[in-house]
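*Asks:* based on what follows, work out the 3D shape:
(one chain, ligands or ions: 1)
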Amino acid sequence: MNKLKLGFLASHGGSNMQAIIDGCKSGSINAIPVVVISNNSNSMALERARKEGIPAYHISQKKYPDPDLLDYAIIKILENHQVDLVILAGYMKKLGTKVIQRFKGRILNIHPALLPKYGGEGMYGHFVHEAVLKNKEKESGCTVHIVDELYDHGRILGQAKVPVFTDDTPETLATRVLEQEHKLYPEIIGNIASGKIVI
Ligand code: GRF
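*Replies:* Sure thing, here's the model as predicted:
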């Protein structure tokens, strides 16, 4: 079976991206990371990509104020690297419609909550964990889903749960969830690459 070619979009730390790259390197995911795009020139994600010898591009709204041109720039890079699967790994920008249409059904995201709860516009990072704690939820977790035009909305491919403790802070909960993200995201991508999950 041919290796899937993965293209990443990431804004900050890129720890999920790294977990997936490590899975490809160890052979547990039958895929190759071929390109990394970030809207943030100082992101750890770009640094990690360079360290791994993966082509890395900084593409931002500042460089491309016209949303269509921004979309085309992203599409061109993904096409040039023959990307099969687009992986959003902490990408803090809403992906443009043109990119979503071009790679329809082949864009994945990870969200740090059990969707459909705690998703949607404005629900990201610490806001998610704060809302979970405010509602005194007993459990939280993470969700890998297909990206469509709506925030945190497409088909759910997998979830992992964690307990929520009464003395949790948004930070302690985020850390517990992130640990699961690093297992779930590579697992789902591995299952797509092996044909166990059909997208
Ligand atoms: C994760 O919590 C992920 O769920 C969310 O953004 C964060 C990214 O972390 N979409 P990292 O950049 O992978 O370290």
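*Asks:* anything in whichever helix in the chain runs longest near the ligand?
*Replies:* Taking DSSP state H as the criterion, the chain has its longest helix at helix 170-194. Yes - in terms of CB under 6 Å from any ligand atom, part of helix 170-194 sits within range of the ligand, namely 178, 181. In short, each C-beta sits where N, CA and C put it, glycine included.
*Asks:* same question, stretch 48-63
*Replies:* No - shown here: stretch 48-63 not in contact with the ligand (CB under 6 Å from any ligand atom), separated by at least 9.6 Å.
*Asks:* partners of His58 in the sheet?
*Replies:* Here His58 sits in beta bridges with Ser38, going by DSSP bridges.
*Asks:* what does the protein put close to the ligand?
*Replies:* Proximity of the chain to the ligand (CB under 6 Å from any ligand atom) is limited to residues 10, 12-17, 89-90, 110-112, 142, 178, 181.
*Asks:* in this protein, which ranges drop under the pLDDT threshold?
*Replies:* Along the chain, segments meeting pLDDT under 70 are nowhere present.
*Asks:* rerun that using 80 as the cut-off
*Replies:* Low-confidence segments of the chain (pLDDT under 80): 1.
*Asks:* find the closest residue to the ligand in it.
*Replies:* The nearest approach of the chain to the ligand comes at Gly90, 2.7 Å away (CB to the nearest ligand atom).
*Asks:* you'd agree that residue is up against Asn16?
*Replies:* Yes - Gly90 is in contact with Asn16 according to CB atoms under 8 Å; the separation is 6.3 Å.
*Asks:* now do the shared contacts for the two.
*Replies:* Shared contacts of Gly90 and Asn16, defined by CB atoms under 8 Å, 6 or more residues apart in numbering, are found at Ala10.
*Asks:* the protein: strands as residue ranges?
*Replies:* Assigned by DSSP state E, the chain shows strands spanning 4-9, 31-38, 56-58, 85-88, 107-111, 139-146, 156-163.
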